[in-house]
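# curious how this folds, go ahead:
(chains A and B)
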Number of protein chains: 2
Amino acid sequence: MSNFNYKDYIQDHLLNINGYKSLTYPKELSDFIKLDGNENPYGPSNKVTDALSNRNDYQLYPNSIDELKQTIADYLNVQPSNIVCGAGADAVINLIFSSLKNNYDDMQLATITPTFGMYKHDAMINNIDIDELEQEINYRPNGYYFDVDAEPQIALIFASPNNPTGQIMEKDSMLKLLDKGHMVIIDEAYIKFSQYQSYVELTKEYSNLIVIQTFSKWAGLAGLRIGYGIMNEELASTLNAIQQPYTITNYAMEAAIISLNDTEYLNDNVKKIIETRNNFINQLVDITNITPIPSEGNFVLCHLNKGANTDFHKFMYDKKILIRIYSDAILAKYARISIGTTDNMQKVLNAIEEWDKK
Amino acid sequence: MSNFNYKDYIQDHLLNINGYKSLTYPKELSDFIKLDGNENPYGPSNKVTDALSNRNDYQLYPNSIDELKQTIADYLNVQPSNIVCGAGADAVINLIFSSLKNNYDDMQLATITPTFGMYKHDAMINNIDIDELEQEINYRPNGYYFDVDAEPQIALIFASPNNPTGQIMEKDSMLKLLDKGHMVIIDEAYIKFSQYQSYVELTKEYSNLIVIQTFSKWAGLAGLRIGYGIMNEELASTLNAIQQPYTITNYAMEAAIISLNDTEYLNDNVKKIIETRNNFINQLVDITNITPIPSEGNFVLCHLNKGANTDFHKFMYDKKILIRIYSDAILAKYARISIGTTDNMQKVLNAIEEWDKK
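Numbering: from 1, shown residues only, chains lettered A, B, ... in the order given. Down below sits the predicted model:
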């Protein structure tokens, strides 16, 4: 009726963004082996499941996150004032990006490619240019590195281990970036599956280092959305002030706290996943048409030596196995397979062997 | 170690923002009657509680929200393409604000005061100036109005019923703003408790109208965080594209869908709450030192005719009754009391009568 054009109100850079393509379950999920989301096949601690089935306060707004922050801080040997929580690591990363100076101030972000697609998405929606340094997949045996020769005011984000390549960011490379004064964000969503140490301890030494972690994978809580960042307390205080209240539910908070008090059980599952991953890789090595990339995560990126990744995906789907492929050119010949139970990974191997001989 | 100042990286307008003060539970919540959060005393549908206690997929990332959108669309007689979901109405409002042009483009927002504090908070964090037209509390018997004489490119946000005053925005006033071509956002978090109609139907006629609703109050699901906006499909498509994936959990989606299939039960509870509210107001009228404001919500704003609101709050707290007071000058003599069960509201009345005679 009125003379209204929504484009007059919306920031120009948002008008032509493609949405992040999130995963959708197939109709009969229980018929499938789900290895497309890097999810924990053993689920959460039983203590979590028990406690949550006894809660009954859906009608109440979530309580303060102070207890969760304290528990995480104790676990990591940092202060609660160093912690920023969010509904998943995604939310913490987007909160950071939303706070950063942007194209109005010539701020720039950099990362590698291939990496987790949300970094680019979040940079775009927050109007920040992002440079993606193309990275030869499986470049070095001990990880990947990034060398930048730019003005100090550039922020960098890296996943370590990287998703989907599975490598950690080399410590020396990171220290160089930190010493140059860049803001460096390290996303450690998969660090528990790595033989390498977390960089959390370094946040005490470097006020320009932010480390992101999550309960999604190692604690089996992807569905409850709990992530956090560890950083210098001034930045944490600013981010906490601009945070939406009530984003982490009481269920999520209780599950996270219980998980941190049941690490023995959860770490045993992590060990099982690491063993399964290493066995899986060892067995893949003998298969002609697929080449696994060494991985520090709960997934393995596989180079396909024949056919299109869409064909491989379809073959596996028909075998009721869900895996992840990408439309990016750099990943056109790859598929990412998450690590499931030992039994399920045997089924995956059998399927791949069948595909190999086809 | 390095020459790093986080202020070089963070947008200037974010450096001195005070966080939104969210509610915190007292240590022994079960000893208290909680009437500070406009929560539903009857909780969610029993079918929700049953279904959720049988789910056990905490380890999986949330599924697509398509089914939820379709269910909401059917319920409201709109199209799924008109819907934007978020983790609570708060998230939808912040998503909209984050998409709006801001101070770089001289965009301006306007609202009334007193109103829901998140509007101002979200405007600030998104670098948008917000004008707050001071509103005489309880101005007109049929609602409040807003008259603006500004350039068309101003976005307006109103809660209807308004929190904490309890009044709806008059339809005539809103139509005038829409006809002028402003973007108008109406937050209907409390509309189910009102005798007036929702403005959702008008979104079909006015592409500049956005209506926000939530499952938090009428469906007793504040703790699961599910809100949504109804708007023209171009704007909805833009907002959906910049939305974070996985913000609504499987638990929340299932709870919302079940609620929309159990509206008879939930509407009966809403009716009970409305009756309790009306009785509560009628009884308050006879008490000397307190004056209730007529309310279309599940809460009553009360003018205190003696003492400071902090004293009243403390008196009620000592009686184990949690109510809401504000630090804003315009609300210095007021307290907001949410509507609980009939039994609990009798206890509240007894406490107020005791306070009155003190």
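# tell me where the model's unsure across the stretch 101-250 of chain A.
Per-residue confidence for the stretch 101-250 of chain A (pLDDT under 70) gives these ranges: A:138-139, A:141, A:149-153.
# near chain B, which residues of it show up?
Residues of the stretch 101-250 of chain A found near chain B (C-beta under 8 Å from any C-beta of the partner chain) are A:101-102, A:104-105, A:107, A:125, A:152-153, A:155, A:178-181, A:183, A:205-208, A:216, A:220-225, A:232, A:234-235, A:238, A:240-247, A:249-250. For glycine as for every other residue, the C-beta is placed from the backbone atoms N, C-alpha and C.
# buried members of those residues into PyMOL, please.
Those of those that meet the burial criterion (16 or more other C-beta atoms under 10 Å in any protein chain shown) are gathered into one PyMOL selection, given here:
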select buried, chain A and resi 101+102+107+125+155+178+180+181+183+206+207+208+216+220+221+222+223+224+225+232+235+238+240+241+242+243+244+245+246+247+249+250
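# you'd agree A:Y246 is up against B:G86?
No - using C-beta atoms under 8 Å, A:Y246 is not in contact with B:G86; the gap is 11.9 Å.
# from the residues of the stretch 101-250 of chain A next to chain B, which land in strands?
Where these overlap with strands, as defined by DSSP state E, the overlap consists of A:A155, A:M183.
# among the residues of the stretch 101-250 of chain A next to chain B, which ones are in helices?
Among those, the subset assigned to helices under DSSP state H consists of A:I125, A:L178, A:D179, A:E234, A:L235, A:T238, A:N240, A:A241, A:I242, A:N250.
# for those, work out which two are farthest apart.
Using C-beta to C-beta, these span at most 42.1 Å, a distance reached by A:D179 and A:N250.
# show me the strands in the stretch 251-358 of chain A, by range?
In the stretch 251-358 of chain A, the strands defined using DSSP state E, counting those that start in this stretch lie at A:290-292, A:299-304, A:321-322, A:334-338.
# chain center to the last one: distance?
Spelled out, it's strand A:334-338. 15 Å (C-alpha atoms, centre = their mean, to the nearest Å).
# how far off strand A:299-304 does that strand point, in degrees?
Between strand A:334-338 and strand A:299-304, the angle formed by their directions is 150 degrees, by axes from the mean of the first three to the mean of the last three C-alpha atoms, to 10 degrees.
# name the helices or strands packed onto strand A:334-338?
Helices and strands touching strand A:334-338, by 3 or more C-beta pairs under 8 Å, 6 or more residues apart in numbering or on different chains; DSSP states H and E, are strand A:299-304, helix A:309-318.
# return it as PDB; C-alpha atoms alone will do.
Provided in PDB are the C-alpha atoms of strand A:334-338 (Å, rounded to 0.1, in the frame of the first residue of the first chain):
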ATOM      1  CA  TYR A 334      37.300 -34.500  -1.600                       C
ATOM      2  CA  ALA A 335      34.800 -35.800   0.900                       C
ATOM      3  CA  ARG A 336      34.800 -35.400   4.600                       C
ATOM      4  CA  ILE A 337      33.900 -38.400   6.700                       C
ATOM      5  CA  SER A 338      33.200 -38.000  10.400                       C
END
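# could you give the mean pLDDT of that strand?
Taken as a whole, strand A:334-338 carries a mean pLDDT of 98.
# how much space separates A:N5 from B:M183?
A:N5 sits 10 Å away from B:M183 when distances are taken as C-beta to C-beta, to the nearest Å.
# same deal with A:I258?
As defined by C-beta to C-beta, A:I258 lies at a distance of 44 Å from B:M183.
# swap in A:F215?
Distance of A:F215 to B:M183, computed by C-beta to C-beta: 38 Å.
# please apply the same query to A:R336.
Summarising the geometry, the distance separating A:R336 from B:M183, computed by C-beta to C-beta, is 42 Å.
# which non-adjacent residue is nearest A:N305?
Nearest residue to A:N305, sequence neighbours excluded (C-beta to C-beta, 6 or more residues apart in numbering or on different chains): A:N289, at 4.5 Å.
# quick one: contacts for that neighbour?
Listed by C-beta atoms under 8 Å, 6 or more residues apart in numbering or on different chains, the contact partners of A:N289 are A:L304, A:N305, A:K306, A:G307, A:W355, A:D356.
# do that again at 7 Å, thanks
With C-beta atoms under 7 Å, 6 or more residues apart in numbering or on different chains as the criterion, the residues that contact A:N289 are A:L304, A:N305, A:K306, A:D356.
# which of these has the most neighbours?
Scoring the contacts of A:N289 on neighbours with other C-beta atoms under 10 Å in any protein chain shown, the highest-scoring entry is A:L304 at 19 neighbours.
# and A:L52, which helix or strand is it part of?
Using DSSP states H and E, A:L52 sits within helix A:46-54.
# ok and that helix relative to helix B:46-54, angle-wise?
Angle between the axes of helix A:46-54 and helix B:46-54 is 170 degrees (criterion: the same axes, to 10 degrees).
# give me the distance from the helix or strand just after helix A:46-54 to the chain's centre.
Downstream of helix A:46-54, the first helix or strand assigned by DSSP H and E is helix A:66-76. Taking C-alpha atoms, centre = their mean, one finds helix A:66-76 lying 21 Å from the centre of the chain it belongs to.
# how about residues contacting the lengthiest helix in chain A?
Secondary structure assigned by DSSP H gives helix A:263-284 as the longest helix of chain A. Around helix A:263-284, the neighbours that count as contacts under C-beta under 7 Å, 6+ apart are A:40, A:42, A:45, A:192-193, A:218-219, A:259, A:290, A:292, A:294-295, A:298, A:300, A:302, A:339, A:342, A:345, A:349.
# before we move on, what about stretch A:324-343?
Contacts for stretch A:324-343 (C-beta under 7 Å, 6+ apart): A:33, A:35-39, A:41, A:113-114, A:134, A:164, A:273, A:276-277, A:280, A:298-304, A:309-310, A:312-313, A:323, A:345, A:348.
# redo that, cut-off 6 Å
Outside stretch A:324-343, the residues that touch it by C-beta atoms under 6 Å, 6 or more residues apart in numbering or on different chains are A:33, A:35-36, A:38, A:41, A:114, A:164, A:273, A:276-277, A:298-304, A:309, A:312-313, A:323.
# buried ones in it?
By neighbour count, and taking 16+ other C-beta under 10 Å as the criterion, the buried residues in stretch A:324-343 are A:R324, A:I325, A:Y326, A:L331, A:K333, A:Y334, A:A335, A:R336, A:I337, A:S338, A:I339, A:G340.
# and the last one, its phi and psi?
Note on A:G340: its backbone torsions stand at phi -100, psi -160 [degrees, to the nearest 10].
# any idea how far B:N46 is from the nearest residue to it once chain neighbours are set aside?
Setting aside the residues directly before and after it, A:G340 is nearest to A:P41 in space (C-beta to C-beta, 6+ apart), at 4.3 Å. As for A:P41, its distance to B:N46 is 32 Å (criterion: C-beta to C-beta).
# give me the more crowded residue out of the two.
Under the criterion of other C-beta under 10 Å, the comparison of A:P41 against B:N46 puts A:P41 first, with 22 against 11.
# any idea which of the helices and strands packed on strand A:334-338 gets closest to B:A91?
Set against B:A91 and scored by C-beta to C-beta, the helices and strands packed on strand A:334-338 come closest in strand A:299-304, at 29.2 Å.
# tell me the mean pLDDT for the closest one?
For strand A:299-304, mean pLDDT rounds to 98.
# what sits up against it?
Under the criterion C-beta under 6 Å, 6+ apart, residues A:38, A:164-166, A:281, A:290-293, A:312, A:333-338 lie in contact with strand A:299-304.
# taking helix A:309-318 as reference, get the angle to that strand.
Relative orientation of strand A:299-304 versus helix A:309-318 (the same axes, to 10 degrees): 120 degrees.
# now strand A:299-304 - C-alpha only, PDB.
Extracted as PDB, the C-alpha positions of strand A:299-304 are listed here (Å, rounded to 0.1, in the frame of the first residue of the first chain):
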ATOM      1  CA  PHE A 299      36.900 -36.600  10.800                       C
ATOM      2  CA  VAL A 300      39.000 -37.600   7.900                       C
ATOM      3  CA  LEU A 301      39.200 -35.600   4.600                       C
ATOM      4  CA  CYS A 302      39.600 -38.000   1.800                       C
ATOM      5  CA  HIS A 303      40.800 -37.300  -1.700                       C
ATOM      6  CA  LEU A 304      38.800 -39.200  -4.300                       C
END
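# many thanks, have a good one.
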